[in-house]
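# sharing a model that was predicted from the sequence below.
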Amino acid sequence: MSFTPLLIFFAAGAGVVFAAIFFSRLLAPRNPYPLKNSTYECGEETVGPTWIRFNSRFYVVALIFLIFDVEVLFLYPWAVNLRKLGLFAWVDMAIFIVILAVGLAYVWGKGDLEWIRPKGSSTGSAKEN
């Protein structure tokens with residue numbers, strides 16, 4: 001078995017990475033003025049500190065949304081071809097939806113979908129300060 005195509009693939013990938021780094025260093029400004037390096041938000045001057053700690057609950061909700069959103073994308077091709085696929089595919093997708101529902105019930109029961117938690121609540125993945 002020849003590993004030549006695999007080596008060519010990795011060499012091409014490494015070449016793209018090194019080319020991107022090379023051209024970014026070549027085209028980047030050498031000594032940018034202080035205003036260029038300042039932090040801004042939507043074109044406005046920032047008010048207060050720019051490095052603040054966000055509650056991890058925002059990230060947890062975003063990840064949960066992405067997981068369920070991507071998994072729901074599997075429903076579209078199944079629904080389009082349901083008549084061709086038959087009863088086996090229907091049962092298979094019903095099991096898939098039940099698994100998603102159990103996952104959603106678990107996350108909901110854990111309290112990770114709530115933006116505001118009562119003080120002293122230690123359920124879920126985010127800790128209150």
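Structure received. Numbers count the residues shown, from 1 in each chain.

# can we go C-alpha only for contacts and neighbour counts from here?
Fine.

# now stretch 25-33: how far from the chain's centre is it?
31 Å (Cα atoms, centre = their mean, to the nearest Å).

# distance between the ends of stretch 19-33?
In stretch 19-33, first residue to last residue: 26 Å (Cα to Cα, to the nearest Å).

# off-centre distance for that stretch?
Relative to the centre of its chain, stretch 19-33 is centred 28 Å away, using Cα atoms, centre = their mean.

# pLDDT (mean, whole number) over it?
Computed over stretch 19-33, the mean pLDDT rounds to 88.

# element containing residue 14?
helix 4-27 (DSSP states H and E).

# same question, residue 90
Assigned by DSSP H and E, residue 90 falls in helix 87-110.

# how far off centre is that helix?
On the basis of Cα atoms, centre = their mean, helix 87-110 sits 21 Å off its chain's mean C-alpha point.

# do the same with stretch 56-70
Using Cα atoms, centre = their mean, the offset of stretch 56-70 from its chain centre is 7 Å.

# send the alpha carbons of that stretch over as CSV?
Extracted in CSV, the C-alpha atoms of stretch 56-70 (Å, rounded to 0.1, in the frame of the first residue of the first chain):
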residue,chain,number,x,y,z
SER,A,56,-20.3,30.2,31.3
ARG,A,57,-24.1,29.7,31.0
PHE,A,58,-24.0,31.7,27.7
TYR,A,59,-21.5,29.2,26.2
VAL,A,60,-23.4,26.2,27.5
VAL,A,61,-26.7,27.4,25.9
ALA,A,62,-24.9,28.2,22.7
LEU,A,63,-23.3,24.7,22.6
ILE,A,64,-26.6,23.0,23.3
PHE,A,65,-28.3,25.1,20.6
LEU,A,66,-25.6,24.0,18.1
ILE,A,67,-25.8,20.4,19.0
PHE,A,68,-29.6,20.2,18.6
ASP,A,69,-29.6,22.4,15.5
VAL,A,70,-27.1,20.2,13.7
